[in-house]
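*Asks:* the following block contains a protein sequence and its predicted model.
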Amino acid sequence: MNSYMNQYKEPAPILDKENPFESMMERFEIAVKIIGLDQGLYNYLKAPVKQVITSIPITMDNGSLEVFEGYRVIHNEVLGPSKGGIRFAPDISLDEMKALAAWMTWKCAIVNIPFGGAKGGIKCDPSLLSNGELERLTRRFTSNLLDVFGPDRDIPAPDMNTNEQTMAWIMDTYSMHSKRTETAVVTGKPLLLGGSLGRKEATGRGVTSVIIGAFHKLGINPNNASAVIQGFGNVGSVTALALFEHGVKIVGLSDINGAIYNSNGFNIPELIEHVERHKTLIDYQNAEPITNEELLELQCDVLVPAAKEDQITFKNASKLKCKIIAEGANGPTTAKADPVLQSMGILVIPDILANAGGVTVSYFEWVQDRMGYFWTLDRVNRRLDRMMHAAFVNVYKSAEKYNVSLRIGAYIIAIEKVAQTLKLRGIYA
Ligand code: GLU
């Protein structure tokens, strides 16, 4: 028996908060056991190829000096340059970056794009920083990582609390050092700086595409279906609007300030206008305020956790009343919740498939930057839909073949692809 099999232990089902890296590893190990991956390949794929921790000193607006901690973890670059977002948050850790970087490797493999996986971030509370402080922080972080980033090496993108402006600063800082404009060094840029049409909406559009695929498989008519969406940021709001346009009734929604319920369904375009004006959805009319726990436990056809990690846990999994979960966020379900959901017959469309639309259009953006030729929105969306559909069908087939959940089916596809590529490339010595 391989030693990873000996190392694998059943998780203790009492905790509801998990170390994200362990959560990723638990699924990885289940998939690895099923395909009987060679021990050497297992050792290669479980560890990130590079982990950078960097100190970022900046001068604050009041003249004081503050030092922040920044991270960039490259999990794998066998399929191509590494790809993944940069997040700003007070509670990020190296372990979280390692898990998220590995998820990027699997995500890129599943949607069949030629990238490896990476993730980075700065431990900070962006709500307490001025625009100038954020700019200096981003630029110094970029300059500390000049040897890591590059259009053919490692390509950042937006993630939690970072946006087009953050990407513009990274692009500009990198370009100043290269003495030429290097648009392809980051994706998720403003349109004026080589961004792609459809990139901002891509993750939500991809989530919607796999939900419609799942409805089809389960014989659910979108016009008779209901949805609950946790999170009303870039992913949640676009998913809500796209599902609404498909005729789905959105009965529950939330943002950082709270959750709301309406059994008749919300008018999403009207709600989006409300949020644009009031910056939150909680004071919207015709809405019953509910708690986040109540939101997740609402009766619906599809639940879309599109907020943050560790939302569906061993504690609340058995209380859910949905038929499908489509993971808009990265890691919203803990590994300990997986078997509970499976025993309840809930179809979980895993994050590494469901939210891969974002990195897919990031790939389109990188291709367009390198060609210097920009596509119409229609072309971007058609190609995205095609790739998401193909990925969904492949994952579904893999799950059927091995008689496992879609999540494990997705891991199996990804691990096999990266392992086969690694075997072909061989080990340089
Ligand atoms: N941050 C996004 C994700 O987690 C996008 C990454 C990218 O486009 O590189 O998938």
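*Replies:* Looks like it came in fine. Numbering: from 1, shown residues only.

*Asks:* please count neighbours and contacts with C-alpha atoms only from this point.
*Replies:* Noted.

*Asks:* what parts of the protein come near the ligand?
*Replies:* 83-85, 156-159, 356, 358-359, 362 (C-alpha under 6 Å from any ligand atom).

*Asks:* which of these sit farthest apart?
*Replies:* Greatest spatial distance among the residues of the chain next to the ligand (C-alpha to C-alpha): P156 and A356, at 15.0 Å.

*Asks:* neighbour-wise, which of those two wins?
*Replies:* A356 (30 against 26; other C-alpha atoms under 10 Å).

*Asks:* ok, that one to F314 distance?
*Replies:* 25 Å (C-alpha to C-alpha, to the nearest Å).

*Asks:* local confidence estimate at the residue nearest in space to the middle of the chain?
*Replies:* Taking C-alpha atoms, centre = their mean as the criterion, N330 is the residue nearest the geometric centre of the chain, at 4.2 Å. Here the pLDDT value assigned to N330 is 94.

*Asks:* and it, how close does it get to T203?
*Replies:* 11 Å.

*Asks:* check V302 too.
*Replies:* On the measure of C-alpha to C-alpha, V302 and T203 end up 17 Å apart.

*Asks:* same question for K315.
*Replies:* For K315 relative to T203 (C-alpha to C-alpha), the value is 28 Å.

*Asks:* and the residue of the chain positioned farthest from its centre, its phi and psi?
*Replies:* In the chain, counting by C-alpha atoms, centre = their mean, G63 sits farthest out from the average C-alpha position, at 36.5 Å. Phi and psi for G63, reported as degrees, to the nearest 10, are phi 90, psi -10.

*Asks:* hmm, the residue nearest to the centre of the chain is touching I312, no?
*Replies:* No. Shown here, N330 and I312 do not form a contact pair, counting by C-alpha atoms under 8 Å, at 12.0 Å.

*Asks:* show the pLDDT at the residue lying closest to P81 once chain neighbours are set aside.
*Replies:* Among residues not flanking P81 along the chain, R153 sits closest, at 4.6 Å (C-alpha to C-alpha, 6 or more residues apart in numbering). In this model, R153 is scored at 98, pLDDT.

*Asks:* phi, psi of R153?
*Replies:* phi -120, psi -60.

*Asks:* next one: G150
*Replies:* phi 160, psi 150.

*Asks:* just the buried residues of the lengthiest strand in the chain, please?
*Replies:* In the chain, assigned by DSSP state E, the strand with the most residues is strand 65-76. In terms of neighbour count (16 or more other C-alpha atoms under 10 Å), strand 65-76 has its buried residues at 69-76.

*Asks:* what sits up against the helix or strand that that strand is followed by?
*Replies:* Per DSSP states H and E, the first helix or strand lying C-terminal to strand 65-76 is strand 82-89. With contacts defined as C-alpha atoms under 8 Å, 6 or more residues apart in numbering, strand 82-89 is touched by 74-76, 101, 104-105, 115-126, 153-162, 359.

*Asks:* number of residues surrounding L129?
*Replies:* 14.

*Asks:* next: M387.
*Replies:* Neighbours around M387, by other C-alpha under 10 Å: 20.

*Asks:* how much space between the nearest residue to it once chain neighbours are set aside and the ligand?
*Replies:* Excluding the flanking residues, the one nearest M387 by C-alpha to C-alpha, 6+ apart is V111, at 6.4 Å. Remark: distance between V111 and the ligand (C-alpha to the nearest ligand atom, to the nearest Å) = 11 Å.

*Asks:* quick one, phi/psi of V111?
*Replies:* Torsion angles, degrees, to the nearest 10, at V111: phi -90, psi 0.

*Asks:* what sits against the closest residue to the ligand within the stretch 251-400 of the chain?
*Replies:* Nearest residue of the stretch 251-400 of the chain to the ligand (C-alpha to the nearest ligand atom) works out as V359 at 3.5 Å. V359 makes contacts with 84, 108, 203, as judged by C-alpha under 8 Å, 6+ apart.

*Asks:* what about the top helix by length along the chain, distance to the chain center?
*Replies:* The residue-count maximum for a helix in the chain (DSSP state H) belongs to helix 377-402. Relative to its parent chain, helix 377-402 has a centroid offset of 16 Å by C-alpha atoms, centre = their mean, to the nearest Å.

*Asks:* buried set for the helix or strand following that helix?
*Replies:* Once helix 377-402 ends, the next helix or strand along the chain (criterion: DSSP H and E) is helix 406-425. In terms of neighbour count (16+ other C-alpha under 10 Å), helix 406-425 has its buried residues at 406-419, 422.

*Asks:* also stretch 169-184?
*Replies:* Buried residues in stretch 169-184, counted by 16+ other C-alpha under 10 Å: 169-174, 182-184.

*Asks:* isn't L253 up against Q230?
*Replies:* Yes. The criterion here is C-alpha under 8 Å, and L253 meets it with Q230 at 5.6 Å.

*Asks:* common neighbours of those two, please.
*Replies:* Common neighbours of L253 and Q230 (C-alpha under 8 Å, 6+ apart) are L295.
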